[in-house]
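Q: sequence plus predicted model, see below.
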Amino acid sequence: MAAIIYKCCTPFSLNDWDQKKKLLVILMMLMDEEDSVMLKWRIWCRQWLQRCDERGAYHTIFRELAIEDMPGFAEYMRMPYTKFVELAEKILPFIVKQETCMRKPIDIDPSERLALAIRYLATWETFQSLSFQFRIGTTTISQIVIEVCVAIYRVFGNEYLKTPNTTGKWNEIAELFYSRWNIPNNVGAIDRKRFVMQKFAGTGSQFHDYKGNESIIALVMAGPEYECLYVDVGTNGRNLHSHAWGCCSLKQVLHNIEFISTTPITGKYKTNSFCSHSRRSLPIVGTHA
């Protein structure tokens, strides 16, 4: 074929036009033949992936643990089976795929989608590892995890991820911290974590951290019952942890609200300002007694 292309591209006169047209027709026929051969050998799905309904983790170990070993199920999914069923009842309507006139959706049970996403969130296994377990392609897994996470936030975001917005609610948190953990005048436990990521195109060294990785910083404030009060994600990894606190909206909220305890700490004779607990140093804002 290379010789034909070369001949077709060489200069020619009008007398050779008929010959050139014949060569072009031959070239087009050869190209069509190659395309048909490629289509014959192209595989839509790997064979071992097609046996997911028989040997995938959801259809084997997941169901076996749910029927025979409840403690084992809790260890595998990081939650009791009853909680999984309760979660599924609320989440499934948002992750069911609708059939369209263009194409049928991928035949993956909504409960399996939820189990796959929870397994990923509980273990942080790679998509490749989960692909071998559940016998689902890595690209499909990445889409499932995002869709399920969006559905979870949509259903439970306002209930479990609600930052207090009044002084009274912050006082309730401080009282519960003191009664349960014996930490007075504390409104939350703050910590940060770096998540390694694949950097975006054109960002240069923006996300390059001191460990040589590309990362982003997540800042979280937790309450006395392990509940999440506030989350800030997106500070680039090249900054210090204190920079994530300095840029988050929670800092300004705590700065604007007056947190003055009416009851002195045991052994003290004057009231003290509220504070937050962290294992790393953070910039101090506002007035503190």
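A: Yep, that arrived.
Q: shaky segments in the stretch 51-200 of the chain?
A: Counting by pLDDT under 70, the low-confidence segments of the stretch 51-200 of the chain come to 99-106.
Q: can you tell me the SS state at residue 189?
A: Assigned with DSSP: H, G, I helix; E, B strand; the rest coil, residue 189 falls in the strand class.
Q: now do it against residue 253, distance only.
A: 17 Å (Cβ to Cβ, to the nearest Å). The way it works is simple: take the backbone N, C-alpha and C, and place the C-beta from them, glycine included.
Q: comparing those two, which residue is more hemmed in?
A: Ranked by neighbour count (other Cβ atoms under 10 Å), residue 189 and residue 253 place residue 189 first, with 19 against 14.
Q: what about residue 197? Give its phi and psi, please.
A: Main-chain torsions, residue 197, degrees, to the nearest 10: phi -140, psi 170.
Q: with residue 121 instead?
A: Main-chain dihedrals, residue 121, degrees, to the nearest 10: phi -70, psi -30.
Q: what do you get for residue 195?
A: Taking degrees, to the nearest 10, you get phi -110, psi 120 for the backbone angles of residue 195.
Q: now residue 240
A: Geometry field for residue 240 lists phi and psi as phi -80, psi 160, criterion degrees, to the nearest 10.
Q: what's the neighbour count on it?
A: Number of residues near residue 240 (other Cβ under 10 Å) recorded here: 14.
Q: show me the helices in the chain, by range?
A: For the chain, the helices defined by DSSP state H occupy 2-9, 17-41, 52-55, 61-68, 70-77, 81-95, 110-123, 127-134, 138-160, 167-181, 241-247, 249-256.
Q: please name whichever of those helices is nearest to residue 230.
A: Proximity to residue 230 (Cβ to Cβ) singles out helix 249-256 among the helices of the chain, at 4.9 Å.
Q: dump the residue contacts of residue 229.
A: Going by Cβ atoms under 8 Å, 6 or more residues apart in numbering, residue 229 touches 162-164, 173, 188, 221-223.
Q: so how far is residue 213 from it?
A: Using Cβ to Cβ, residue 229 is found at 28 Å from residue 213.
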